[in-house]
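>>> what would the 3D arrangement of this be:
(one chain, ligands or ions: 1)
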Amino acid sequence: LKIAVFASGSGSNFQALVEAIREQAIPATVSLLVCDKPAARVVQRAEALGVPAFLFDPKAYASREAYEEEIVGRLHEEGVELIVLAGYMRLITATLVEPYYGRMINIHPALLPAFPGVRAIRQALEYGVKLAGVTVHFVDGGMDSGPIIAQQAIEVRDDDTEDTLAERVHAVEHELLPRTVRWIAEGRVTLNDRKVTIRPGD
Ligand code: GRF
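A predicted model of the protein is given here:
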């Protein structure tokens, strides 16, 4: 399964996915990093891991559709079959969503549908939830709103700060994302309407 990861920031999930695929014999390859921030740390991680990167500056394009069309062209060239959004901080339009619906997933640091959007960990702490968590879902046209594939809860401690909770959230993400990609790569994930089912492994 050929994968493109879209990321804008640190890229710890990008790295965890590339390493898990290599170490755990997941039948997949990350063939491309797509990044809208050429100075982001994820770009250095891609270099260190030997993953080619498509970097672009959104301001150099007339519209979101214009750079998305270029991205789609590049994805076709590479034969990308699955898009993984891992900290990609841009809204995406039908230009990307339509051709990849059911083949594009996102990782979000909250138990959706609670706390969509930015700063989800802080939102959850401020709300006072006792269970935080991580969600991996298919991407539809909305904000963090697509069909859910996998979730994992994390207990919030009384003395948690955004930093301490974020650390445990990231640790969970680095396991849950590769696991979900494995299920998809093994052809075990089915999307029917909004419902996702996962066939047990052998
Ligand atoms: C993660 O928390 C992910 O859930 C969210 O953005 C963050 C990216 O972190 N969508 P990193 O860049 O992978 O370290």
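>>> and the gap between the single nearest residue of the chain relative to the ligand and residue 128?
In the chain, the residue that lies nearest the ligand is residue 87 (2.7 Å; CB to the nearest ligand atom). C-beta coordinates here come from the backbone N, C-alpha and C atoms, glycine included. To residue 128, residue 87 is 25 Å away according to CB to CB, to the nearest Å.
>>> what do you get for residue 71?
For residue 71 relative to residue 128 (CB to CB), the value is 39 Å.
>>> neighbour count for those two, which is higher?
residue 71 (21 against 7; other CB atoms under 10 Å).
>>> contact residues of this structure facing the ligand?
Residues of the chain that fall close to the ligand, judged by CB under 6 Å from any ligand atom: 7, 9-14, 86-87, 107-109, 173.
>>> among those, which ones are buried?
Neighbour-count burial (16 or more other CB atoms under 10 Å) applied to the residues of the chain next to the ligand gives 7, 9, 11, 12, 13, 14, 86, 87, 107, 108, 109, 173.
>>> what sits against the closest residue to the fourth one other than its chain neighbours?
To tie it back to what came earlier, the one meant is residue 12. In space, and not counting its chain neighbours, residue 12 is closest to residue 170: 6.0 Å by CB to CB, 6 or more residues apart in numbering. Residue 170 sits next to 12, 13, 109 when contact means CB atoms under 8 Å, 6 or more residues apart in numbering.
>>> what's the answer for residue 72, then?
95, 96, 99.
>>> that one: what secondary structure?
Here residue 72 is helix, with the state taken from DSSP: H, G, I helix; E, B strand; the rest coil.
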